[in-house]
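Generate coordinates for the sequence data below:
(chains A and B)
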Number of protein chains: 2
Amino acid sequence: MLYPGNLKKEFNKNINYANRGMNLEALVNEANKYYEINEIAIIYKKPTPVTITKVTYEKNKVLTKGQLQSKSSLDYVGVYKGKYLDFDAKSTRSKTAFPLSNISNHQIRHIKNILKHNGLTFLIIEINNEIYLFKGESLMEFIEANERKSIPYEYLKNKGEKIDLKYNPTLDYLKIVNKLYFKGERYEK
Amino acid sequence: MLYPGNLKKEFNKNINYANRGMNLEALVNEANKYYEINEIAIIYKKPTPVTITKVTYEKNKVLTKGQLQSKSSLDYVGVYKGKYLDFDAKSTRSKTAFPLSNISNHQIRHIKNILKHNGLTFLIIEINNEIYLFKGESLMEFIEANERKSIPYEYLKNKGEKIDLKYNPTLDYLKIVNKLYFKGERYEK
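Numbers count the residues shown, from 1 in each chain, chains lettered A, B, ... in the order given. I've put the predicted structure just below:
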């Protein structure tokens, strides 16, 4: 669970990160827009969970006061070829390993649950200026077999699937989803 | 699209409704909790979309100021047997018809989009003290074939599937989903 201190850090990180230009989240959002326009999939970012405590009206706006809740699920949800997709995008500055502290216990439980119901769930991980799609199944396997608090870069390289950047969309992660989960099926383009 | 006036009405309606005790939304939430505990499905309510404009910290809380956004999708999302589910629960006090003003144009576009990608999308409609599951396909069919601004009760009775209340969960709507979309498959119980 994310405690207020972590929430604060998380929130500030997002703000700082946004100023660094085209980040991982921006790439995912760009791809999602492309997928929607080209009728490949519908994938969207879940709204930040806020418990609204007060509402006021001002001209043509509805203003709210509320309290930020910790996220117990992943950032993105959507539908591709009828299947349920649920995933997150995470960056690390470490060059040698992806720290598991990037994922809360609630999120791990959520991934387990989605797998149980045959949903597609994974992480998109940025490490060493490379981007990998790392399946929820592989994450669970790693957690259950290891005492380590981070996933070594070499492990991600072996078990993950590299997503090469290209033109339009820059981060075509659904192509990899199609390869990993819909073997042999045509990737609609 | 929901304009601020509508947003205000919508928000107040929810508050008033909440005081009337066990309403349709509460029944859906109860069923969703049951499905999660019994490992039948993972279905949750989407958070209210708020654009956060200011964050302050107070003891162990993160307080937010923001602006309410209009909902362009449906209230519930989830995974059942790997499939993507996206639906809404709507009540009407009318005894003769379900007014289409209950559904925004954005929501209709969303339903169309989900259908295009083979997601399961439907409305749970409370009318005349009865509850019906009304498929997104039937809704689109009605809208395209009719000039009317409301769906007659008889039409819902014919094209919808009645959900009878029972014990635990009270509104076992997934049983109907299973019947309509997974013909012949065992309903996990």
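
What's opposite the nearest residue to A:S91 once chain neighbours are set aside in the beta bridge?
Across the structure, with CB to CB, 6 or more residues apart in numbering or on different chains as the measure, the residue nearest A:S91 apart from its sequence neighbours is A:E126 (4.1 Å). (Each C-beta comes from the backbone N, C-alpha and C, glycine too.) Note on A:E126: beta-bridge partners A:S91, A:I131, judged by DSSP bridges.

does A:E126 really touch A:A26, like I thought?
No: contact criterion CB atoms under 8 Å: A:E126 and A:A26 do not qualify, at 11.7 Å.

Between these two, which is the more surrounded one?
A count of neighbours by other CB atoms under 10 Å in any protein chain shown puts A:E126 above the other of A:E126 and A:A26, at 20 against 16.

mind listing the strands for chain A?
Using DSSP state E, the strands of chain A run over residues A:42-45, A:50-58, A:61-68, A:76-80, A:83-91, A:97-99, A:120-127, A:130-135, A:150-152, A:161-162.

closest to B:V55 out of those strands?
strand A:61-68 (7.1 Å; CB to CB).

now the strands of chain A in JSON lines, with mean pLDDT?
Below are these laid out as JSON lines (pLDDT from 0 to 100):
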{"stretch": "strand A:42-45", "mean pLDDT": "94"}
{"stretch": "strand A:50-58", "mean pLDDT": "83"}
{"stretch": "strand A:61-68", "mean pLDDT": "82"}
{"stretch": "strand A:76-80", "mean pLDDT": "97"}
{"stretch": "strand A:83-91", "mean pLDDT": "96"}
{"stretch": "strand A:97-99", "mean pLDDT": "96"}
{"stretch": "strand A:120-127", "mean pLDDT": "97"}
{"stretch": "strand A:130-135", "mean pLDDT": "96"}
{"stretch": "strand A:150-152", "mean pLDDT": "96"}
{"stretch": "strand A:161-162", "mean pLDDT": "97"}
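
In contact with the spatially most central residue of chain A, which residues are there?
With the centre of chain A defined as its mean C-alpha position, the nearest residue by CA atoms, centre = their mean is A:D88, 1.2 Å away. If you count contacts by CB atoms under 8 Å, 6 or more residues apart in numbering or on different chains, A:D88 has them with A:74-76, A:103, A:107, A:123-124.

ok, now A:E137?
A:L115.

now it: how far from A:K175?
Distance from A:E137 to A:K175, counting by CB to CB, to the nearest Å: 19 Å.

Can you list the buried residues in stretch A:28-39?
Of the residues in stretch A:28-39, those with enough neighbours to count as buried (16 or more other CB atoms under 10 Å in any protein chain shown) are A:28-29, A:31-32, A:34-36.

if you average pLDDT over that stretch, what comes out?
Summarised as a single mean, pLDDT over stretch A:28-39 is 96.

Report whether that stretch contacts chain B.
Yes: using CB under 8 Å from any CB of the partner chain, stretch A:28-39 reaches chain B at A:36, A:39.

Contacts made by that stretch with the rest, please.
Applying CB under 8 Å, 6+ apart, the external contacts of stretch A:28-39 come out as A:40-45, A:76, A:78, A:89, A:124, A:168-174, A:188-189, B:113, B:116-117.

Kindly report the same for stretch A:100-117.
Counting contacts by CB under 8 Å, 6+ apart, the residues touching stretch A:100-117 from outside are A:1-2, A:70-74, A:84, A:86, A:88, A:90, A:92, A:120-121, A:123, A:136-137, A:139-140, A:143, A:148-151, B:36, B:39, B:41-42, B:79-82.

who are the neighbours in contact with A:K157?
A:Y132 are the contacts of A:K157 under CB under 8 Å, 6+ apart.

and the residue sitting furthest away from the middle of chain A, what are its phi and psi?
Largest separation from the mean C-alpha position in chain A: A:K59, at 36.1 Å (CA atoms, centre = their mean). Recorded main-chain torsions at A:K59 are phi 50, psi -120, according to degrees, to the nearest 10.

Look at it and report its pLDDT.
With respect to pLDDT, A:K59 scores 81.

Separate out the buried members of the contacts of stretch A:28-39.
A:40-44, A:76, A:78, A:89, A:124, A:169-174, B:113, B:117.
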